[in-house]
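Chemist: I'd like to go over a predicted model; first the sequence, then the structure.
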Amino acid sequence: MNIIDTDDISEKLRLKGIDTSNQKISITNFSGSDQEKDLTEPANCDGFGRIRHFKMKNSSDWPANPLPIVPALHKLGKDKANEISAQVFQNSICNWRCWYCFVDFKLLSGSKKYSSFLHCDELVDMYLSNEDRPSMIDLSGGQPDLTPEWIPWMMAALQKKGLEKEVFLWSDDNLSNDFFWKYLSDEQISDIESYEMYSKVCCFKGVDEISFEVNTQADGSLFHRQLELFQRFAATNIDMYAYITLTADKRTQPETSIPKFLDRIQKIKNEFPLRIVPLKIFTFTPMKDRTSVDQTELLLGQEKAIEIWQKEIDRRFTHEQKQTPIYMI
């Protein structure tokens, strides 16, 4: 396996993913991609958008996933539901190559063949052009936090249209870099923190150095950076949540690695494990030609790990704590 030089590739990809002088982001066009084959609905917004249906329960043998459904419905003032639809835009760059990613790798390098630079005003106009548009916009990737300006720029575009109270904004982050603090001004960070209709989700790519490296193709030591960056975000006023992928080969011992991981999270904030949702990895079309890892072994590893994860959550928290709506944790 070729190990990615995360810091070097992050800076190089950022140059391909953002036009700061014109406040534009390189946005993926799904037309003709392998990812397009997995879409439940045709791409919209001239190929630059897609509708995603988030469902609380995708598998009978896996815990329910309240993200982003429960926080979104709460902020939108809507009744409880088991699913929500979102208008998704993807930036065209990512500094890691997770073997289970549902995005074609060719859509992650900022290629002009598969993307175009668009202003957030253009994205909002595209969104508004859809008659049956959802009340949620998902800034996905790729890795959105390689271009963290995208978040305040999108907030400003929604405010121009008077949509800041009507549209819930959600963004992803793989916890790979400190660009949020490096490239955003204090004023921009303050604007993000005070934007009522925004929430952020971070994604942990494994439970230890070994599983992290196998999953991302990045150096295993960056597993610890993920936790350090998560702690920095936890110190902000951002409404923040997290996913974790539990895929791992036989070298990872979830009996010891999962308790250690949860111990570290609880040192940041005691109840924060209840804001972390394990994601079950499914097979997508772009994965079929990725042979650098034993996918069968890694998928089996997550089945063992989820049992241990659930036991640890049950051991650490009361029934009442576990029943608390995730946005109230």
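Modeler: Structure received. Being a predicted model, the structure only gives us computed values, none of them experimental. Numbers count the residues shown, from 1 in each chain.
Chemist: For the rest of this, base every contact and every neighbour count on C-alpha atoms.
Modeler: Noted.
Chemist: So which residues of the stretch 101-250 of the chain form helices?
Modeler: 120-128, 150-160, 179-183, 186-194, 209-216, 222-234 (DSSP state H, counting those that start in this stretch).
Chemist: Comparing those helices, which comes out most buried?
Modeler: Mean neighbours per residue, mean count of other CA atoms under 10 Å, is largest over the helices of the stretch 101-250 of the chain for helix 209-216, with a mean of 23.
Chemist: Who are the packing partners of that one?
Modeler: When contacts are defined as 3 or more CA pairs under 8 Å, 6 or more residues apart in numbering; DSSP states H and E, helix 209-216 packs onto helix 222-234.
Chemist: Show me what the helix it packs on is packed against.
Modeler: helix 209-216, helix 254-268.
Chemist: Show me what the first one is in contact with.
Modeler: Going back to what we said before, that points to helix 209-216. Helix 209-216 has contacts (CA atoms under 8 Å, 6 or more residues apart in numbering) with 96-100, 205-206, 218-224, 247-249, 251-252, 293.
Chemist: quick one, strands of this structure?
Modeler: Counting by DSSP state E, the segments of the chain that form strands are 18-19, 24-28, 50-55, 83-90, 115-119, 136-140, 168-173, 198-204, 240-245, 276-279.
Chemist: Quick check on the contacts of helix 209-216: which are buried?
Modeler: Neighbour-count burial (16 or more other CA atoms under 10 Å) is assigned, among the contacts of helix 209-216, to 96-100, 205-206, 218-220, 222-223, 247-249, 252.
Chemist: Show me the shaky parts of this structure.
Modeler: Scanning the chain for pLDDT under 70 picks out the ranges 291.
Chemist: Pull the contacting residues for the spatially closest residue to Val88 that is not a sequence neighbour.
Modeler: The shortest distance from Val88 to any non-neighbouring residue, by CA to CA, 6 or more residues apart in numbering, is to Asp138 (4.7 Å). Asp138 makes contact with 86-89, 169-171 under the criterion CA under 8 Å, 6+ apart.
Chemist: what bridges to Asp138?
Modeler: Asp138 has these beta-bridge partners by DSSP bridges: Val88, Trp170.
Chemist: measure it to Arg315 for me?
Modeler: 34 Å (CA to CA, to the nearest Å).
Chemist: same check, this time on Gln231
Modeler: Gln231 sits 23 Å away from Arg315 when distances are taken as CA to CA.
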